[in-house]
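>>> need a structure here:
(one chain, ligands or ions: 2)
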Amino acid sequence: MRNVNQKILIVEDEAPMCELLMTFFSEKGYKVDAVQNGEEAIRQLEERDCALVITDIKLPGLSGLELLARIQLDWPDVAVIIMTAFSSISSAVEAMKLGAEDYIGKPFQLDELAITVEKALERRSLRREVKELRAEVRERYNFSNLVGRSKPMQQLFEVIKRIAARRDASALIIGSTGTGKELVARAIHYNSDRKNAPFVPINCSAIPETLLESELFGHQRGAFTGAHETRRGLIEEAQGGTVFLDEINTLSQNLQVKLLRVLQERIVRKVGGRENIPIDVRFVSASNRDLEDAVKRGEFRQDLFYRLNVVPVRLSDLKDRREDIPLLVHHFLRKFADQHNEPVRRFAGEAMRILMTHTWPGNVRELENAVEHALTMGSGETLTVEDLPTSVTASERDIVDEALLDNATLAEVERRYILRVLEKMEGHQMRTAHALGIDRRTLYRRLRQYGQGSDKNNEDGRSKGDVLKKGGVQVKASSL
Ligand SMILES: Nc1ncnc2c1ncn2[C@@H]1O[C@H](COP(=O)(O)OP(=O)(O)OP(=O)(O)O)[C@@H](O)[C@H]1O
Ligand SMILES: [Mg+2]
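Residues are numbered from 1 along each chain as shown. Ligands and ions are numbered 1, 2, ... in the order given. Sure, this is the predicted structure:
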């Protein structure tokens, strides 16, 4: 009986009954307290931890049911057992609906009540274990707003922690669009001892070159037309913190040279200025292209590349870590539900299957948008295939990506394409052949090769799909 150490609170207005229960449960080893009404029970619960409440349904003042409702609200972890006279069994039903763990009819045998209590405590501790386990899982698969259980994501969390711990180490994040590069940069910053200083993101491709230079380094008054006053650059603004150079691959040769100097000497000089300003910032940069290739092609300076790439971080495409998809979907469902103060909705099985198999060229951002789209379109508690964006459901679009994914041969791609078009044409072979720009015979031959073409119906250009039921009578599609 592993639950005997727990605390039980008895709420009973009849003194002899109260005494009897106290003695009985104390002898069994429980810690027992007893009070005579609901108001006192609440005071007790406010003061100390309690695992279980046994309460009479009929009490002076606050009734047993009202007490139960209050416990459900404020102490949902506390199990409640209701004692009720057999004559008022309907109130026991009511109590169960309100969330009582169990009930017992008066008069009862003490041993019977002991079993009821033991079972209730057992169920309660199971529930708590499950809850703790869930919290632990959430913790393990969540890191600074990044969600992922796949091996690459788990490794990423470790790499981020290691980078964060090295105050000055530059990091270069490479990943396709929407894989979470900015999120990773923020995670590095907010897990480092620079977290109380600014995190300054700069998108190198969004700002024209001349402007970017003064944005980064600042400018002296009169340095160029329009420079009416001296301004600090973003690197200086980030003093003590982290500069995030996004799309670093688009940086011009000229600025590459200037940035290299900043990294080497840890000083900035304003445009048109003479003063060397010492800086204490970490540089995290990101690119959606392989920078090494750009170095090989002579587009990106090798020396700057080495400076930026002290610790490389590579983010994999979502299609290469599909086991993260259910977790991400749930994460976004929750996020949007919280934003709108709504209960969390879920995806129907088929919709989830599509989410799992889509190739996600826009990666996590595309997935996030798809979830938001579904939440906006869907009306019910369960989101269906119809609620997903057509870009996700129109699988034809992904045939090439899919083929690349499993190194399909040309013949295999042809097979898949022909079958997809056939599906789109609802099995109508004439239309399929026409759409494919091949003659019917060629199509039949192919379909037979694929084990799809020996049906009688096919000979006159229709397959089974064309035979529709109408008013209980089978009608051929062509005659409709
Ligand atoms: N592992 C993840 N867990 C939770 N949310 C994620 C994850 N990865 C990306 N996201 C979310 O996806 C969106 C895109 O992420 P982010 O902006 O960091 O991508 P990016 O790689 O910088 O994209 P781009 O190259 O297009 O700038 C954001 O809303 C981000 O919160
Ligand atoms: Mg980005």
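
>>> residues from this structure in reach of ligand 1?
146-148, 175, 177-183, 288, 328, 331, 364-365, 368 (C-beta under 6 Å from any ligand atom). (Glycine included, C-beta is placed from N, CA and C.)

>>> which of those residues count as buried?
Neighbour counting with 16 or more other C-beta atoms under 10 Å marks 146-148, 175, 178-183, 288, 328, 331, 364, 368 as buried within the residues of the chain next to ligand 1.

>>> now the closest residue to ligand 2 within the stretch 51-200 of the chain: how far from Glu247?
Relative to ligand 2, the nearest point of the stretch 51-200 of the chain is Glu182 (4.1 Å; C-beta to the ion). Relative to Glu247, Glu182 is positioned 11 Å away (C-beta to C-beta, to the nearest Å).

>>> next: Arg134.
For Arg134, the distance to Glu247 equals 38 Å [C-beta to C-beta].

>>> now do Glu132
43 Å.

>>> higher neighbour count, the two?
Glu247 (17 against 10; other C-beta atoms under 10 Å).

>>> these two touch, right, that one and Asn288?
Yes: using C-beta atoms under 8 Å, Glu247 is in contact with Asn288, at 7.2 Å.

>>> helix/strand/coil for the residue most central in space within the chain?
For the chain, the residue nearest the mean C-alpha position is His331 (2.4 Å; C-alpha atoms, centre = their mean). Following DSSP: H, G, I helix; E, B strand; the rest coil, His331 is assigned to helix.

>>> mind checking how far the nearest residue to it once chain neighbours are set aside is from Ala348?
In this structure, His331 finds its nearest non-sequential neighbour in Val147, 4.6 Å apart by C-beta to C-beta, 6 or more residues apart in numbering. Taking C-beta to C-beta as the measure, Val147 falls 22 Å from Ala348.

>>> quick one: mean pLDDT over the helix or strand hosting Arg186.
Assigned by DSSP states H and E, Arg186 belongs to helix 181-190. Across helix 181-190, pLDDT averages out at 96.

>>> go on, stretch 386-393?
Rounded mean pLDDT across stretch 386-393 is 89.

>>> ditto for stretch 241-250
96.

>>> contact partners of it?
172, 181-182, 185-186, 188-189, 192, 194, 197-206, 234-235, 251, 259, 281-289, 291, 294, 299-300, 308 (C-beta atoms under 8 Å, 6 or more residues apart in numbering).

>>> kindly indicate whether Ile104 is helix, strand or coil.
Ile104 - assigned by three-state DSSP - is strand.

>>> bridging residues for it?
Note on Ile104: beta-bridge partners Met83, judged by DSSP bridges.

>>> could you list which residues are in contact with it?
With C-beta under 8 Å, 6+ apart, Ile104 has these contacts: Ile81, Ile82, Met83, Thr84, Glu112, Leu113, Thr116.

>>> picking up where we left off before, how far away is the residue nearest to the centre of the chain from Arg138?
Taking C-beta to C-beta, one finds His331 at 10 Å from Arg138.

>>> please apply the same query to Lys270.
Relative to Arg138, and taking C-beta to C-beta, Lys270 is found at 47 Å.

>>> Ala120 reaches Ala79, doesn't it?
Yes: counting by C-beta under 8 Å, Ala120 does reach Ala79; the two are 4.6 Å apart.
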